[in-house]
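In: Predicted coordinates and the sequence they were generated for:
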Amino acid sequence: MEKYKDKKLKNQVLARFIKKFLSESSWEYVQDCNTFMMMVADETLENKKQHKGNTCKNRFCPICSWKKARKEALALAIQMEYIKDTYNKDFIFLTLTTPNVKAEELHDEIREYNHAFQKLVKRKEVQSIVKGYIRKLEVTYNQDRDDYNPHFHVLIAVNKSYFTDKRYYISQSRWLELWQQVTKNPLITNVHVQKVRTNSKKEVAELAKYSAKDSDYLANEKVFDAFYKGLKGKQLIVYSGLFKESNKLFKDGELDYYKEQDPTEYIYALLYHWGKGNYVEDEKRLLTETEHKEINKDLIHEMDIEEE
């Protein structure tokens with residue numbers, strides 16, 4: 001429950017900072033997010049999982065973004081398995097960045113990033129190796145320098161021969177050269193690229209985690225304003241090629257057979273409400289027979305996503 005308490009306390013900070021940007025009704029949704037919830041627990045009460053709760057779904061909400069990241073991690077892992085099994089592909093993980101910018105430059109810098117990335121994937125040598133990609137925008141804040149670093153994490157599906165065929169393999173130095181060219185910024189000194197190891201959760205978690213850490217954007221109201229204005233209206237995650245296909249299949253439930261069932265048997269319902277800076281337990285009861293069947297049949301393992 002400490003994780004939920006921590007996220008709810010941060011949600012209250014968000015409510016103060018974001019109020020001037022929202023209508024009264026939208027702001028109330030943020031302020032009231034996760035003020036009540038139903039957890040399910042096993043016989044020992046040590047294994048708990050949230051089953052229900054009220055949510056605001058605001059992209060800056062620490063509670064909602066945490067839950068969304070967990071779901072996205074599961075979806076990405078399953079889609080990778082599907083693409084690997086169906087199309088016999090491997091994956092590379094690419095991180096693209098540029099030098100940090102000040103708050104007033106962040107909005108335009110992200111827009112330029114998007115343009116540069118589109119130029120990159122249209123390059124003939126890149127087009128020839130990319131069979132699909134997921135691109136995620138992340139922004140971090142450097143408190144010491146008071147500046148911001150937008151960057152892309154990109155998961156790319158490639159043929160297995162990519163790593164051995166010199167006609168198609170793109171080295172790290174060549175990725176750097178291409179990124180310098182499309183951004184028209186020779187000051188960029190590095191890009192990170194690596195092969196994704198089989199069943200590796202590190203790259204999946206990196207791609208699925210928050211587009212902005214709440215420890216960054218809630219540092220103070222001035223910083224939050226920069227994040228809000230910089231990210232407002234921006235598409236944070238983009239699917240293309242095989243990943244666009246697999247994402248549709250996942251949403252349609254056609255990849256559910258990849259989901260790993262949670263082996264825990266949940267027998268209790270725990271009802272909580274938020275009050276005086278903590279979650280207070282209102283009721284503990286046994287699940288009804290119907291609830292027991294539905295919950296223990298439907299719950300699946302999710303990957304936890306933590307801030308670094």
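Out: Great, that's in hand. Residues are numbered from 1 along each chain as shown.
In: State the helix or strand in which Glu281 lies.
Out: strand 278-286 (DSSP states H and E).
In: how far does that strand sit from the chain's center?
Out: 30 Å (Cα atoms, centre = their mean, to the nearest Å).
In: Touching that strand from outside, list them.
Out: 1, 4-5, 8, 37, 267-274 (Cβ atoms under 8 Å, 6 or more residues apart in numbering). From N, CA and C alone the C-beta is placed, and that goes for glycine too.
In: Mind doing that once more with 7 Å?
Out: Met1, Tyr4, Lys5, Ile267, Tyr268, Ala269, Leu270, Leu271, Tyr272, His273 (Cβ atoms under 7 Å, 6 or more residues apart in numbering).
In: Can you tell me which of those comes closest to Gly233?
Out: Closest approach between the contacts of strand 278-286 and Gly233, by Cβ to Cβ: Tyr4, at 29.6 Å.
In: The closest one: what secondary structure?
Out: When classified by DSSP: H, G, I helix; E, B strand; the rest coil, Tyr4 comes out as helix.
In: Look up the pLDDT of it for me, please.
Out: Tyr4 is assigned a pLDDT of 94 by the prediction.
In: how many other residues sit next to it?
Out: Tyr4 is flanked by 20 other residues according to other Cβ atoms under 10 Å.
In: Could you check what's spatially nearest to it, not counting adjacent residues?
Out: Tyr279 (6.2 Å; Cβ to Cβ, 6 or more residues apart in numbering).
In: The one you found and Cys61, how far apart?
Out: Counting by Cβ to Cβ, to the nearest Å, the gap between Tyr279 and Cys61 amounts to 16 Å.
In: So those two - more neighbours on which side?
Out: Cys61 (24 against 20).
In: Then Tyr239 would be within a helix, right?
Out: No. Assessed with three-state DSSP, Tyr239 is strand; it does not lie in a helix.
In: Out of the contacts of strand 278-286, which sit inside helices?
Out: Tyr4, Lys5 (DSSP state H).
In: taking the contacts of strand 278-286 one by one, which sit in strands?
Out: Tyr268, Ala269, Leu270, Leu271, Tyr272, His273 (DSSP state E).
In: Of all pairs in those residues, which one is the farthest apart?
Out: Spatial extent of those (Cβ to Cβ) is set by the pair Tyr268 and His273 at 17.1 Å.
In: more crowded one of the two?
Out: More crowded of Tyr268 and His273, by other Cβ under 10 Å: Tyr268, with 16 against 12.
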